[in-house]
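Colleague: Any chance you could fold what I've pasted below:
(one chain, ligands or ions: 2)
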Amino acid sequence: TDKRYILAIESSCDETSVAVVSEDNQLLANVVASQILSHKRFGGVVPEVASRHHVEQITLCMKLALEEANITVSELSAVAVTEGPGLVGALLIGISAAKAFAWANGLPLIPVNHMAGHIYAASYVKPLEFPLMALLVSGGHTELVYMREHGSYEVIGETRDDAAGEAYDKVGRVLGLAYPSGKELDELAHLGADTFNFPRAMLREPNYDFSFSGLKSSFINTVHNARQKEVNLDKNDLAASFQASVIEVLVTKTLKACQEYPVKQLVVAGGVAANKGLRAEIKTAITEISPKVELIVPPLHLCGDNAGMIGAAAWIEFSKGNLADWDLNAEPSLTL
Ligand code: KG4
Ligand code: ZN
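Modeller: Ligands and ions are numbered 1, 2, ... in the order given. Just a heads-up that it's a prediction; the model follows:
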């Protein structure tokens, strides 16, 4: 065949992932080796442990992805890799592997922004149409991104402190849940009610920024005070109240952005986009308030970190001629 393929590599945090993506956006393979079990007992990602796991897994993941895609190296057009943002040591493993493989096989190297990747996960559901608004919610980021065309990003608002996923993980820890606790809190939330009325920070402020640290503190203080007084609080209600606050702020600000900008599509992406409550409420809100805006939320397996999303974003960079030199370095604080 004369189809063109990209081998994409992602290693910014705690998943080692390699994918094969065709030029017409078919995901032929998307191998994800999760390290979560190794980080659980520390209550968070330990950078040194993450790097070591990436080193151990990366070659095998590359081999498996090529096997699963059932293509030969000679059919590849390029190698793509996440250059940032993320953990420097973790990123460097993916970058080193990508450079070595590309160099050895005479292939160009494409640098990809991890957050752009999260947005492009949505392109596996439907072709992206512009202008587009993206709500990016992950463990490290919470931002609203306006896109006028492929590969162009304007951050119109972002969190001033904690990311949404980070807040989930921190309050989950106080409830004794294992890291990362977003998914479990989401499940508990569906069993409880919003009885605590936690703060909705910056809800009415005339900007698109977020803040979750006040909510986090309010939650933690509530739990600690109750423990001191030996009062038993309902875990499900605590989870439901926390989640109601996060979702109300995210949905309100995102919908406001969709009304003030001429958007055709709304993409919700990143690890927290797996949240059942958020998925349901943003759907209801968009249907009621901006029915002309087409909502795209990637399937669950493409919300968390994976190389498939990096491959999709890479084709855009490739078409623009954005290639990396052999001295490509990790950019831990790369922005969109
Ligand atoms: O995008 P991601 O896999 O990694 C980063 O780039 O950060 O996001 C991970 C974050 C974690 O904080 C995790 O708790 C959160 O996504 N998460 C969720 C859910 N599933 C994962 N948060 C809320 N509800 C969920 N169902
Ligand atoms: Zn991510």
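Colleague: Pretty sure I247 sits against A280.
Modeller: No - the pair I247 / A280 is not scored as a contact, 9.1 Å apart, by C-beta atoms under 8 Å. C-beta: built from backbone N, CA, C; applies to glycine.
Colleague: Next, the residue of the chain positioned farthest from its centre: phi, psi?
Modeller: In the chain, the residue that sits farthest from the middle, by C-alpha atoms, centre = their mean, is K229; the gap is 38.9 Å. Dihedral pair for K229: phi -90, psi 0, per degrees, to the nearest 10.
Colleague: neighbour-wise, which of I247 and A280 wins?
Modeller: Taking neighbours as other C-beta atoms under 10 Å, I247 and A280 compare with I247 leading, 23 against 12.
Colleague: what sits against the more buried one?
Modeller: Shown in contact with I247 (C-beta atoms under 8 Å, 6 or more residues apart in numbering): N275, G277, L278, E281.
Colleague: That one falls within a helix, correct?
Modeller: Yes - I247: assigned to a helix according to DSSP: H, G, I helix; E, B strand; the rest coil.
Colleague: N70 versus that one, what's the distance?
Modeller: Applying C-beta to C-beta, to the nearest Å, the value for I247 to N70 is 41 Å.
Colleague: do the same with R204
Modeller: To N70, R204 is 54 Å away according to C-beta to C-beta.
Colleague: quick one, which of these two is more surrounded?
Modeller: N70 (10 against 6).
Colleague: right, and the secondary structure at the nearest residue to the more buried one once chain neighbours are set aside would be what?
Modeller: Leaving aside its sequence neighbours, N70 sits nearest to L28 (C-beta to C-beta, 6 or more residues apart in numbering; 7.4 Å). Per three-state DSSP, the local secondary structure of L28 is strand.
Colleague: what sits against A167?
Modeller: Shown in contact with A167 (C-beta under 8 Å, 6+ apart): F212, S213, L215, K216, F242, V246.
Colleague: Beyond the strand or helix carrying it, next helix or strand please.
Modeller: Assigned by DSSP states H and E, A167 belongs to helix 164-174. Of the helices and strands lying after helix 164-174 in sequence (DSSP H and E), the nearest is helix 182-189.
Colleague: Contacts (any at all) between ligand 2 and that next one?
Modeller: No - Helix 182-189 stays clear of ligand 2 (C-beta under 5 Å from the ion), getting no nearer than 12.3 Å.
Colleague: Please provide the alpha-carbon coordinates for that helix, formatted as CSV.
Modeller: Provided in CSV are the C-alpha atoms of helix 182-189 (Å, rounded to 0.1, in the frame of the first residue of the first chain):
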residue,chain,number,x,y,z
GLY,A,182,-10.7,10.9,40.2
LYS,A,183,-12.5,7.9,38.9
GLU,A,184,-13.5,6.5,42.4
LEU,A,185,-14.7,10.0,43.6
ASP,A,186,-16.8,10.2,40.4
GLU,A,187,-18.4,6.9,41.3
LEU,A,188,-19.0,7.9,44.9
ALA,A,189,-20.5,11.2,43.8
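Colleague: Check which residues of the very next helix or strand once past that helix are buried.
Modeller: From helix 182-189 onward toward the C-terminus, using DSSP H and E, the following helix or strand is helix 213-228. Within helix 213-228, the residues that count as buried by 16 or more other C-beta atoms under 10 Å are G214, L215, K216, S218, F219, T222, V223.
Colleague: got it, and stretch 142-154?
Modeller: For stretch 142-154, by 16+ other C-beta under 10 Å, it's T142, E143, L144, V145, Y146, M147, H150, Y153.
Colleague: In this protein, where is pLDDT below threshold?
Modeller: 1 (pLDDT under 70).
Colleague: With that, I have no additional questions.
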